[in-house]
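Asker: only geometry, no sequence info:
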């Protein structure tokens, strides 16, 4: 299991109608992605500078399911959806704690990226080996 990311829907993150505004959903999902990539591959943002290997997002699909109001406690639960040769698909469910209701789901495709050559590269073998333990949790491989 990938550890969840937790956040609070503070009033200043909400729009004039009192619910979490779209821009802050994405910010929370983005923060959760760093934790998920670390859990799956052992990668962190500082590794991009040190090793020249990082990630770029190439696709996001968000389904908004339930309203998130100011004060709601949120948990983003990621899982590995698919492991490709150069890409990874992660699925993130944003859960409203207390109600255990799904607020949103993000399906994100990220590509392994050579930061020096500025192009896609194959996922390193050691990362793929590490990710194997998450495949049994519903991931597809090619």
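Answerer: Okay, I see it. As the structure is a computational prediction, the values presented were derived from the model and not from experiment. Residues are numbered from 1 along each chain as shown.
Asker: which stretches in this protein count as helices?
Answerer: Under the criterion DSSP state H, helices of the chain are mapped to 22-41, 45-51, 125-135.
Asker: closest one to residue 97 among these?
Answerer: Judged by CB to CB, the one of the helices of the chain that comes nearest to residue 97 is helix 22-41, at 13.4 Å. (Each C-beta comes from the backbone N, C-alpha and C, glycine too.)
Asker: list the helices and strands that closest one packs on?
Answerer: Packing partners of helix 22-41 (3 or more CB pairs under 8 Å, 6 or more residues apart in numbering; DSSP states H and E): strand 5-8, strand 53-64, strand 73-83, strand 87-96, strand 101-114, helix 125-135.
Asker: with respect to residue 105, which of the helices of the chain lies nearest?
Answerer: helix 22-41 (9.7 Å).
Asker: quick check: angle from the closest one to strand 87-96?
Answerer: If you take axes from the mean of the first three to the mean of the last three CA atoms, to 10 degrees, helix 22-41 sits at 120 degrees to strand 87-96.
Asker: average pLDDT across helix 22-41?
Answerer: Helix 22-41 shows a mean pLDDT of 96.
Asker: now swap in stretch 106-115 and tell me
Answerer: Taken as a whole, stretch 106-115 carries a mean pLDDT of 97.
Asker: can you check stretch 124-133 too?
Answerer: For stretch 124-133, mean pLDDT is 92.
Asker: if we can go back for a sec, mind checking which of the helices and strands packed on helix 22-41 is nearest residue 27?
Answerer: Closest approach to residue 27 among these (CB to CB): strand 5-8, 8.9 Å.
Asker: contacts for the closest one next, please.
Answerer: 28, 31-32, 35-36, 71-76, 78 (CB atoms under 8 Å, 6 or more residues apart in numbering).
Asker: which one of those sits closest to residue 125?
Answerer: Comparing the contacts of strand 5-8 against residue 125 with CB to CB places residue 36 closest, at 20.1 Å.
Asker: please tell me I have it right and the closest one contacts residue 92.
Answerer: Yes. If you go by CB atoms under 8 Å, residue 36 and residue 92 touch, sitting 7.4 Å apart.
Asker: most packed of the helices of the chain?
Answerer: Among the helices of the chain, helix 22-41 has the highest mean neighbour count (mean count of other CB atoms under 10 Å), at a mean of 18.
Asker: perfect, I'm done here.
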